[in-house]
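Novice: Sequence first, then the predicted structure:
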Amino acid sequence: MNRQLLLLFTFYVLVSSIQAIDFTYCDDEENFPLKVQQIKIIPDPVVTGKPAIFNISAVTDRSVSGGKVMIEVRYFGIHVHSETHDICEEVSCPIEAGNFVLSHAETLPGYTPPGVYTLKMKMIGKNGYQLTCFSFKFKIGFGALVSES
């Protein structure tokens, strides 16, 4: 019985430590065809040199057959990184109308300074139409720079 309670408590602590991240749409625009429902980052805070997974749960009212994901990262308001990916590299295409999860994995270099970063993500459809644009903050922990032996 005690072992089951311990396992249940451990599971609760792990699940509760994965919290949804607050986000805002670009330019206060909320009429995009693709709506973000939730963002989760694993681990949170991000650890340099280790994979971090950014899960974006979203819903769309139309089928998306392709396009691109544009990511821009800022640190204290200064542009530090940008990258562009094919949407179909991040989620199975075509994306049918309804709910889906875009999952982006990133391993930050070990020399990345700790602190709070802002990530802005735009998704552009094949036809050049903006599907969504949003930003959120994520943290790289201070203990992340300590190397493991």
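Specialist: That came through fine.
Novice: residues contacting the spatially closest residue to Val46 that is not a sequence neighbour?
Specialist: The shortest distance from Val46 to any non-neighbouring residue, by C-beta to C-beta, 6 or more residues apart in numbering, is to Ala52 (4.4 Å). (Glycine included, C-beta is placed from N, CA and C.) When the contact criterion is C-beta atoms under 8 Å, 6 or more residues apart in numbering, the partners of Ala52 are 41-43, 46, 105-108.
Novice: Whichever of those residues end up buried, select them in ChimeraX.
Specialist: With 16 or more other C-beta atoms under 10 Å as the criterion, this ChimeraX line picks the buried residues out of the contacts of Ala52:
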select :41,46,108
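Novice: Would you mind checking which of the contacts of Ala52 is nearest to Lys139?
Specialist: Proximity of the contacts of Ala52 to Lys139 (C-beta to C-beta) peaks at Val46, which lies at 6.9 Å.
Novice: so where is this structure shaky, pLDDT-wise?
Specialist: Low-confidence segments of the chain (pLDDT under 70): 1-19, 29, 142-149.
Novice: does the most centrally placed residue in the chain count as helix, strand or coil?
Specialist: For the chain, Phe54 is the residue whose C-alpha lies nearest the centre (C-alpha atoms, centre = their mean; 3.0 Å). Put simply, Phe54 is strand when judged by DSSP: H, G, I helix; E, B strand; the rest coil.
Novice: check contacts around the closest residue in space to it that isn't next to it in sequence.
Specialist: Leaving out its chain neighbours, the residue that sits closest to Phe54 by C-beta to C-beta, 6+ apart is His104, at 4.6 Å. By C-beta under 8 Å, 6+ apart, the contact set of His104 is 53-54, 56, 69, 71, 85, 90.
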